[in-house]
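Participant: 3D model of this:
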Amino acid sequence: MNLKECYVKLGGDFDEVMGRLPREQLIIKFLYKFLDDKSLELFESSMSNQNYDEALRAVHTLKGICQNLAFTRLYESSSQITAALKANDYHKAMEMAPQLSKDYYQVIHAVEEYKETMEG
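Facilitator: Numbering: from 1, shown residues only. Down below sits the predicted model:
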């Protein structure tokens, strides 16, 4: 799997990220760093504890990362939850959380698969 194929698999926009980070090595560095990101975990625990301010910070952070790395699908789901939390629509945010999780793990699995291909 090459980097462009990884982006297709994770629901991202390879051309957009190449415009932002014009060296593949730089993109790869940030893809691998994303594997250690705890934003989703913090979002989920904050929602469970009804700490909506912290949940908003976590999902907003995730949204920013996704925008920078052109993770289009995950950016869209994190943007929708960010908007819901900013509007104090916690029920809507909870309803959308499973899609966010699905999109997040799609990115994680694609990056892990890419990393295995490169290291294999």
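
Participant: Pull out the buried positions in the helix or strand hosting residue 82.
Facilitator: For residue 82, the host element (DSSP states H and E) is helix 72-86. Along helix 72-86, these residues count as buried under the neighbour rule (16 or more other C-beta atoms under 10 Å): 72-75, 77-82, 84-85. Glycine gets a C-beta too; all of them are placed from N, C-alpha and C.

Participant: now do stretch 19-26
Facilitator: residue 21.

Participant: can you tell me the distance between the two ends of that stretch?
Facilitator: 12 Å (C-alpha to C-alpha, to the nearest Å).

Participant: how much does the longest helix seen in the chain deviate in direction from helix 72-86?
Facilitator: Assignment by DSSP state H gives helix 90-119 as the longest helix of the chain. Computed by axes from the mean of the first three to the mean of the last three C-alpha atoms, to 10 degrees, the angle separating helix 90-119 from helix 72-86 equals 150 degrees.

Participant: begin at 241 from here
Facilitator: All right, first residue 241 from here; so that's helix 330-359.

Participant: Of all the residues in helix 330-359, which ones are buried?
Facilitator: Under 16+ other C-beta under 10 Å, the buried positions of helix 330-359 are 333, 336-337, 339-340, 343-344, 346-348, 350-351, 354-355.

Participant: per-residue pLDDT, residue 360?
Facilitator: For residue 360, the model assigns a pLDDT of 78.

Participant: got a list of what residue 337 touches?
Facilitator: 283-284, 287, 321 (C-beta atoms under 8 Å, 6 or more residues apart in numbering).

Participant: Was I right to think residue 325 contacts residue 333?
Facilitator: Yes. Using C-beta atoms under 8 Å, residue 325 makes contact with residue 333 at a distance of 5.1 Å.

Participant: Give me the common contacts of these two.
Facilitator: In contact with both residue 325 and residue 333: 292, 295, using C-beta under 8 Å, 6+ apart.
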